[in-house]
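[1] Fold the stuff below for me.
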Amino acid sequence: MFKYPDIKSLPDETGISKKNKDFIAYFNKRLGRTPNLLLAMMHSDNALSNYYSFYRRKTSLSKREVEAITLTVSQCNHAMYCLSAHTMIAKLNGFSDEEILELRSGVAPFDSRLDALVKLAGCLTLHVDSIDDRLIEGFFEKGYTKEHFMDMLQVIGDTFITNITGKVFQVPIDYPPAKEF
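    Now for the predicted structure:
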């Protein structure tokens, strides 16, 4: 029987490329540490640089909208690493604890525009083969555009990448843990 390598350990600096060492230096300077999820991506010489370029893309969505989508999708995927990281980021973007829990449930009763956004993002995450046209109509009725729709899809894809990475590699949570529900 084939024995696959241990993928649950984070790489250390001795076994990674110069490009990834430069990322460690960058994040250590900027954040005081390198988040474990990004370290997990360093199992590849290219994964983090490719992901980070995508992550830093321009978007028509506000930071609050991006966080709302990320929380909804991460909850759909039961991705505790990402929920923990983005709960902290959501708080930095002005969401209350109660609002964060509502977003994780796929609703935003405190903001009708965000509510249309997260309901559609949750539906796309869980039911991509049977999208409710009323959710798409509601999204556009709240003033969102085709550009917003495409940017939302990219946030969903970005979130899937990190959700899957965190779960498959069982990345240790290095943020205050999000409440489980």
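[2] center of this protein - which residue?
    Nearest to the geometric centre of the chain sits T159, at 3.4 Å (C-alpha atoms, centre = their mean).
[3] nearest spatial neighbour of that one, skipping sequence neighbours?
    Of all residues not flanking T159 in the chain, V73 sits nearest, at 4.2 Å (C-beta to C-beta, 6 or more residues apart in numbering). (C-beta placed from N, C-alpha, C; glycine too.)
[4] counting contacts, what elements does the lengthiest helix in the chain pack onto?
    For the chain, the longest helix by residue count, based on DSSP state H, is helix 146-168. On a contact count with 3 or more C-beta pairs under 8 Å, 6 or more residues apart in numbering; DSSP states H and E, helix 146-168 meets helix 36-41, helix 47-55, helix 63-76, helix 80-92, helix 112-126.
[5] So what angle separates the directions of the third one and helix 146-168?
    Pointing back at helix 63-76 there. Counting by axes from the mean of the first three to the mean of the last three C-alpha atoms, to 10 degrees, helix 63-76 points 40 degrees away from the direction of helix 146-168.
[6] Could you do the last one as well?
    Our comparison of helix 112-126 with helix 146-168, counting by the same axes, to 10 degrees, yields an angle of 50 degrees.
[7] how distant is helix 112-126 from the center of its chain?
    15 Å (C-alpha atoms, centre = their mean, to the nearest Å).
[8] count of residues packed around R30?
    R30 has 9 neighbours, counted by other C-beta atoms under 10 Å.
[9] got it, and F140?
    Neighbour tally, F140, other C-beta under 10 Å: 14.
[10] Then the one 3 residues further on?
    Using other C-beta under 10 Å, the number of residues around G143 comes to 9.
[11] what helix or strand is it on?
    Assigned by DSSP states H and E, G143 falls within no helix or strand.
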